[in-house]
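**Student:** Pasting the sequence and the predicted model now:
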Amino acid sequence: MVKANLIVQEYMSIGNDYIGNIGAIEHNIHHAELVSSLCYDILKTLGYPEREAELGAIAGYLHDVGNLINRYGHGMSGAMIAFNLLLDMGMAPEEIAIIMGAIGNHEEQAQGHSVNNVAAALILADKSDVHRSRVRKREISSFTQRDRVNYAVTESNLAVDVEHKTISLEMTIDTTVCSVMEYFEIFLTKMLMCRRAAEYLGCQFELVINDNKLL
């Protein structure tokens, strides 16, 4: 229902266009679908109820809808947009509340926290989508630090190990574009959020870059 909703489609498309005008990386349908799928898989793999995993999928799909209003603070505005959309679709208030809390807490600039299981899964799923395909700019000379870090990542994968209770972000970085140290410098807040989110779900967070375990 959420994916088929024409208003959702329009809001997400326009929001991605708006932030594209300021040079931000892609937050398109591909990103939404990937984060949605990862949220579901994280919760389902760790043994959470099917419905909770479905709520994770919905939160993952809608998490960036607030870009329609502004890139900064889009978690808060996105939560309110999601409230209206989901209420109109007839979702139960207690489920809307879970999704609102997750969307409103996924943004590092707003000091987001894992306020519920869905929020924890959303943080991990969203922050793991780092890849050069998300960079819109074509001239490397015009890259910001954030562009360069994303462009340096040629592969990324989020792996959940139920037996060892670990959630691992595994990446391959082209160090001719960006050093591992620069990755940490730019994405330290993201990685700390991921560590706390994994702990909220009863797991340890691991970061593996170029086959070297760093966390």
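**Tutor:** Perfect, thanks for sending it. Numbering: from 1, shown residues only.

**Student:** the helices in the protein, which residues?
**Tutor:** 6-20, 29-45, 50-62, 74-88, 93-104, 117-127, 145-152, 180-200 (DSSP state H).

**Student:** which non-adjacent residue is nearest Gly101?
**Tutor:** Spatial nearest neighbour of Gly101, excluding adjacent residues (C-beta to C-beta, 6 or more residues apart in numbering): Val115 at 4.7 Å. Every residue, glycine included, has its C-beta placed from N, CA and C.

**Student:** my read: the one you found touches Asn105, true?
**Tutor:** Yes. Applying C-beta atoms under 8 Å, one finds Val115 in contact with Asn105, separated by 5.4 Å.

**Student:** more neighbours, the two?
**Tutor:** Asn105 (24 against 15; other C-beta atoms under 10 Å).

**Student:** Test my guess that that one contacts Val118.
**Tutor:** No. Using C-beta under 8 Å, Asn105 makes no contact with Val118, being 9.8 Å away.

**Student:** Tell me who's in contact with Ile69.
**Tutor:** Counting by C-beta atoms under 8 Å, 6 or more residues apart in numbering, Ile69 touches 15, 77, 81.

**Student:** can I assume the first one is in contact with Asn67?
**Tutor:** Yes. Look at Gly15 against Asn67 with C-beta under 8 Å: they come within range, at 3.4 Å.

**Student:** overlap in contacts of those two?
**Tutor:** With C-beta under 8 Å, 6+ apart, Gly15 and Asn67 have common neighbours 27, 74.

**Student:** Quickly note the distance from Arg51 to Asp64.
**Tutor:** As judged by C-beta to C-beta, to the nearest Å, Arg51 and Asp64 stand 23 Å apart.

**Student:** Looking at these two, which has the bigger crowd around it?
**Tutor:** Asp64 (26 against 10).

**Student:** For that one, give me the pLDDT.
**Tutor:** We have a pLDDT of 96 for Asp64.

**Student:** do you know which of the helices of the chain lies nearest Glu163?
**Tutor:** helix 29-45 (11.1 Å; C-beta to C-beta).

**Student:** How much space separates Glu54 from Tyr40?
**Tutor:** In this view, Glu54 and Tyr40 are 7 Å apart by C-beta to C-beta.

**Student:** of the two, who's got more company?
**Tutor:** For Glu54 versus Tyr40, the count of surrounding residues by other C-beta under 10 Å is larger for Tyr40: 24 against 16.
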